[in-house]
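Novice: Sharing a model prediction with you, sequence too.
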Amino acid sequence: MTGTNNFAKLSIITEQIDDVTKFKTEDLKSVTLDDKITVLCFFGNDLNAVKNNALNLNEKIYKHFYKFKKFQFIAVLPNGTETQTLKKQLGAITDMQKWKFVFGIPENITQLFNSLKTSYQIDKNSYSKYAFIIDKNRSLRGRTNDKDNGLMYGYNAETVAPIHSKMVDDVKVLIAEYRLALKKNYIKNEK
């Protein structure tokens, strides 16, 4: 008797979105979407106004998955927001090693957002209420037949409900996909 794991995979919505390599970090280290599961956020230029978004994502997603080796959070922000205190506030309650804050000009932020090819809009302050799951191949993952939204590109971070009821499960599914692929590769290489 053989065991078979059958589970739904998280749908690929958009392939090959732009990378974040053109953005800078405070410590000038390079950051990429390649080879990592990424939660990508666009927090805009007023971090106090979106503090709840960050806290919701931090509590429900980051704290549960940051120990997965190939997992990261990337917050895309306009130049000039480097000195705002969101990172310090999160750091008081969280191990920040996999939170990455990247900064760029609004045109590059909009270009990155548009490469997701969603029906959502980014506002003039480079803000979107949605958080996105990006896989190791820089593909946007989401739901094609969500019971509430139909095609679901991202998760509204302004409220905890969609994060708790949908995003947690979707990140689990994506991590399970990768673990299953690693296990299959390991078994194949052992033969």
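Specialist: Perfect, I can see it now.

Novice: what's the distance between the residue nearest the centre of the chain and residue 72?
Specialist: Of all residues in the chain, the one closest to the mean position by Cα atoms, centre = their mean is residue 39, 1.0 Å from it. Noted for residue 39: a distance of 8 Å to residue 72, by Cβ to Cβ, to the nearest Å. Every residue, glycine included, has its C-beta placed from N, CA and C.

Novice: Could I get the full set of strands for the chain?
Specialist: 11-14, 24-25, 37-43, 71-78, 99-104, 127-134, 140-146, 150-152, 155-156 (DSSP state E).

Novice: Dump those strands into JSON lines; add mean pLDDT and distance to residue 116 as well.
Specialist: Listed next are these as JSON lines, based on pLDDT from 0 to 100; distance: least, Cβ to Cβ, whole Å:
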{"stretch": "strand 11-14", "mean pLDDT": "96", "distance to residue 116": "6"}
{"stretch": "strand 24-25", "mean pLDDT": "91", "distance to residue 116": "21"}
{"stretch": "strand 37-43", "mean pLDDT": "97", "distance to residue 116": "8"}
{"stretch": "strand 71-78", "mean pLDDT": "95", "distance to residue 116": "11"}
{"stretch": "strand 99-104", "mean pLDDT": "94", "distance to residue 116": "15"}
{"stretch": "strand 127-134", "mean pLDDT": "98", "distance to residue 116": "6"}
{"stretch": "strand 140-146", "mean pLDDT": "93", "distance to residue 116": "5"}
{"stretch": "strand 150-152", "mean pLDDT": "92", "distance to residue 116": "13"}
{"stretch": "strand 155-156", "mean pLDDT": "96", "distance to residue 116": "13"}
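
Novice: For residue 87, which of those is the nearest?
Specialist: Checking the strands of the chain against residue 87 by Cβ to Cβ gives strand 99-104 as the closest, at 6.0 Å.

Novice: quick check: angle from that closest one to strand 37-43?
Specialist: 50 degrees (axes from the mean of the first three to the mean of the last three Cα atoms, to 10 degrees).

Novice: Hmm, residue 132 and residue 116 touching each other?
Specialist: Yes: the pair residue 116 and residue 132 qualifies as a contact (Cβ atoms under 8 Å) at a distance of 6.2 Å.

Novice: returning to that earlier point: got the contact list for the residue nearest to the centre of the chain?
Specialist: 57, 61, 62, 72, 73, 74, 131, 132, 133, 134, 171 (Cβ atoms under 8 Å, 6 or more residues apart in numbering).

Novice: Name whatever forms a beta bridge with it.
Specialist: Note on residue 39: beta-bridge partners by DSSP bridges are residue 73, residue 133.

Novice: residue contacts, residue 117?
Specialist: Per Cβ under 8 Å, 6+ apart, neighbours of residue 117: 13, 14, 17, 140.
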